[in-house]
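*Asks:* A structural model of the following input is requested.
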Amino acid sequence: MSTVHKSPTTQTPAQRRRVLVVVALAFATIVLDGYDLMVYGAMVPALLEYPEWALTPTQVGLIGSYTTFGMLVGALGVGFLTDILGRRRIVLACIAWFSLATVATAMASTPEAFGLFRFLAGIGLGGVMPTAIALTVEYAPRGRQQLYNAMMFVGYSVGGVLAALVAIALLAETGFRSLLWVGAAPAIVLIPLVYFLLPESMSYLARRGRLEEAQQLAEKYGADIDVPDVDATKGGRATSAVSYLLSKGRRGPLMLFCVASFMGLLLVYGLNTWLPAIMRSAGYPLGSSLSFLLALNLGAIVGTLAAAAVADRIGSRIAISLAFLAAAITLVFLSLQPPAALIYVFIALAGLGSIGTQILVNGYAAAYFPAWARGTAVGMTLGIGRIGAVVAPTMVGLIMDSNLGFQWNFYAFVIPAVLGLVAIVLVPRRAQTAVSSSPQVSQSSRTA
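*Replies:* As a prediction, the model looks like this:
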């Protein structure tokens, strides 16, 4: 159980600006994640045509899976560490790790080294995501966690848009390595900004006995502090968070979030890794197929912000269910080769149904569990969900090698969309984990 210290309901303009700085810094770290994923999808056609390596679609899919496997390791390992070492330190370490690994990837001389460094870069990216989500939801105003999480997480799609634009501008002239150098460069500016401007988690400080510092941050940012009672902290910080989440009444919802995340990430990584190659196999030229990647991510940006605002009003369960349903229907329509005038609309809707859905799932999971265990909860959800991201690139590569036709690449994603919808519908309406021992109830309970 945990005690929730409430801040005043209305934030001052200065407090709102400070919270937006937190969101902006988390946004910038997620841009790196989105750029890395989408830029690999943009590189796939060039990798398939790179004569020195002579890679097959299955091999290219496996390399894509190495990155997502690294993200799985990073999300599980770093998700636990955030509740021990603090979230600010983890963000700094992960940005530096990812950027150095990306530089090494750009310099790789063999496909084996390329795959190894992609795996190492994935560890850093996997650690950034649950940390950024946890900090954003913790500092977000009451009743607006999904919207603020979406504002932060559209950085993922902004990164995808940038990847598509950079690929359109540079890929044909300078080759795939230049895209990786561009992805590593932002760390030079971002690391100092995070060091000086990003606050530590209030719940982390409170659990370390630094309640006065946590209270000062709460007053500075107009935020709530979720302080665990003694029973919640027995057995050490990391162990208590894991035990708490796996205890009766909590492991069921946690596992359902893991299933929904698995399905959502399978959609995200499958489409973003292979969409340009799938559209090329359907007869579109390279430039046009890269523009589809651009449409996918623009659709995710606009759609996610709208869906998050709806989720804060009608509830996350309904909004996420509708987003999964939109993904399934849209993928069926894309397999039918719609007219040119409609194909960009359907691809934009697929962006909402894949990337947008996963963003909402992340926000729902973060708000469902108490702040002191949030980093671990989101890390477990994303870590196990990353198995879907590992499976997706290889799965599509195998389908493409089988010559079944590009339609089957879309059919393969319809079932995960439906299963994700079912998992979210089954999540209990009220988070038993978030009920306060005081008469007040934490925001994580109220929004779930």
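
*Asks:* Quick one: the strands in the stretch 201-350 of the chain, in order.
*Replies:* 225-228 (DSSP state E, counting those that start in this stretch).

*Asks:* Okay, now the unreliable bits of the stretch 251-400 of the chain?
*Replies:* For the stretch 251-400 of the chain, the stretches with pLDDT under 70 are 282-290.

*Asks:* quick one, helices of it?
*Replies:* All helices of the stretch 251-400 of the chain, identified by DSSP state H, counting those that start in this stretch, fall at 251-281, 286-314, 316-335, 340-351, 357-368, 374-401.

*Asks:* quick one: which helix or strand includes the closest residue in space to Thr110 that isn't next to it in sequence?
*Replies:* Once flanking residues are discounted, Thr110 sits nearest to Trp53: 7.7 Å by Cβ to Cβ, 6 or more residues apart in numbering. Placement of C-beta: from N, CA and C, glycine included. Trp53 is part of no helix or strand when elements are defined by DSSP states H and E.

*Asks:* Touching, Trp53 and Glu112? I think so.
*Replies:* No: if you go by Cβ atoms under 8 Å, Trp53 and Glu112 don't touch, sitting 9.9 Å apart.

*Asks:* neighbour-wise, which of those two wins?
*Replies:* Each of Trp53 and Glu112 has its neighbours counted (other Cβ atoms under 10 Å); Trp53 has more, 16 against 11.

*Asks:* Next one: that one relative to Ala163, how far apart?
*Replies:* Trp53 is 21 Å from Ala163, where distance means Cβ to Cβ, to the nearest Å.

*Asks:* swap in Leu76?
*Replies:* 26 Å.

*Asks:* For these two, indicate the residue with more neighbours.
*Replies:* Here Leu76 and Ala163 are compared on neighbour count by other Cβ under 10 Å; more neighbours surround Ala163, at 29 against 20.

*Asks:* Assumed that one was part of a strand.
*Replies:* No: under DSSP: H, G, I helix; E, B strand; the rest coil, Ala163 sits outside any strand and is assigned helix.

*Asks:* so what's it up against?
*Replies:* Contacts for Ala163 (Cβ atoms under 8 Å, 6 or more residues apart in numbering) come out as Gly34, Tyr35, Asp36, Leu37, Met38, Val39, Gly41, Ala42, Leu179, Gly183, Leu293.

*Asks:* quick one: the closest residue to Val242 other than its chain neighbours from Leu419, how far?
*Replies:* Leaving out its chain neighbours, the residue that sits closest to Val242 by Cβ to Cβ, 6+ apart is Thr376, at 6.2 Å. According to Cβ to Cβ, Thr376 and Leu419 sit 25 Å apart.

*Asks:* So if I had to pick from these two, which one is more boxed in?
*Replies:* Neighbour totals were compared for Thr376 and Leu419, and Thr376 leads with 27 against 17 (other Cβ under 10 Å).

*Asks:* Just give me the neighbour total for the residue nearest to Gly303 when sequence neighbours are not counted.
*Replies:* Spatial nearest neighbour of Gly303, excluding adjacent residues (Cβ to Cβ, 6+ apart): Leu352 at 3.0 Å. Under the neighbour criterion other Cβ under 10 Å, Leu352 is assigned a count of 26.

*Asks:* So Leu352 sits against Ala323, correct?
*Replies:* Yes: between Leu352 and Ala323 there is a contact under Cβ under 8 Å: 6.2 Å.

*Asks:* between the two, what contacts are shared?
*Replies:* By Cβ under 8 Å, 6+ apart, Leu352 and Ala323 have these common neighbours: Ala307.

*Asks:* and the residue nearest to Ala348 when sequence neighbours are not counted, what is it in contact with?
*Replies:* With sequence-adjacent residues excluded and distances taken as Cβ to Cβ, 6+ apart, Ala348 is closest to Gly299, at 2.7 Å. The contact partners of Gly299, by Cβ under 8 Å, 6+ apart, come to Ile347, Ala348, Leu349, Ala350, Gly351, Leu352, Gly356.

*Asks:* which residues does the closest residue to Gly353 other than its chain neighbours contact?
*Replies:* Spatial nearest neighbour of Gly353, excluding adjacent residues (Cβ to Cβ, 6+ apart): Ala327 at 2.6 Å. Shown in contact with Ala327 (Cβ under 8 Å, 6+ apart): Leu267, Ala350, Leu352, Gly353, Ser354, Thr357, Phe413, Ala417.

*Asks:* Are any of those residues buried, and if so which?
*Replies:* Buried by 16 or more other Cβ atoms under 10 Å: Leu267, Ala350, Leu352, Gly353, Ser354, Thr357, Phe413, Ala417, out of the contacts of Ala327.

*Asks:* show me what contacts the first one?
*Replies:* Pointing back at Leu267 there. Each residue near Leu267 by Cβ under 8 Å, 6+ apart is listed here: Ala327, Gly353, Ser354, Thr357, Gln358, Ala392, Phe413, Pro416, Ala417, Gly420.

*Asks:* how does it look with 7 Å?
*Replies:* Leu267 is in contact with Ala327, Ser354, Phe413, Pro416, Ala417, counting by Cβ atoms under 7 Å, 6 or more residues apart in numbering.

*Asks:* Distance check, the residue nearest to it when sequence neighbours are not counted against Leu296.
*Replies:* Residue nearest to Leu267 in three dimensions, not counting chain neighbours: Ser354, with 3.9 Å by Cβ to Cβ, 6+ apart. For Ser354, the distance to Leu296 equals 8 Å [Cβ to Cβ].

*Asks:* shared neighbours, the two?
*Replies:* Common neighbours of Ser354 and Leu296, counting by Cβ under 7 Å, 6+ apart, are Leu271.

*Asks:* What's the local residue count around Glu52?
*Replies:* Applying other Cβ under 10 Å, I find that Glu52 has 8 neighbouring residues.

*Asks:* So for it, what pLDDT did the model give?
*Replies:* With respect to pLDDT, Glu52 scores 91.

*Asks:* Next up, phi/psi of it, please.
*Replies:* phi -70, psi -30 (degrees, to the nearest 10).

*Asks:* and the gap between it and Leu100?
*Replies:* In this view, Glu52 and Leu100 are 24 Å apart by Cβ to Cβ.

*Asks:* For the nearest residue to Leu322 once chain neighbours are set aside, which residues are in contact?
*Replies:* Of all residues not flanking Leu322 in the chain, Ala307 sits nearest, at 7.8 Å (Cβ to Cβ, 6+ apart). By Cβ under 7 Å, 6+ apart, Ala307 lies in contact with Ala319, Ala323, Leu352, Gly356, Leu360.

*Asks:* Nothing else from me, thank you.
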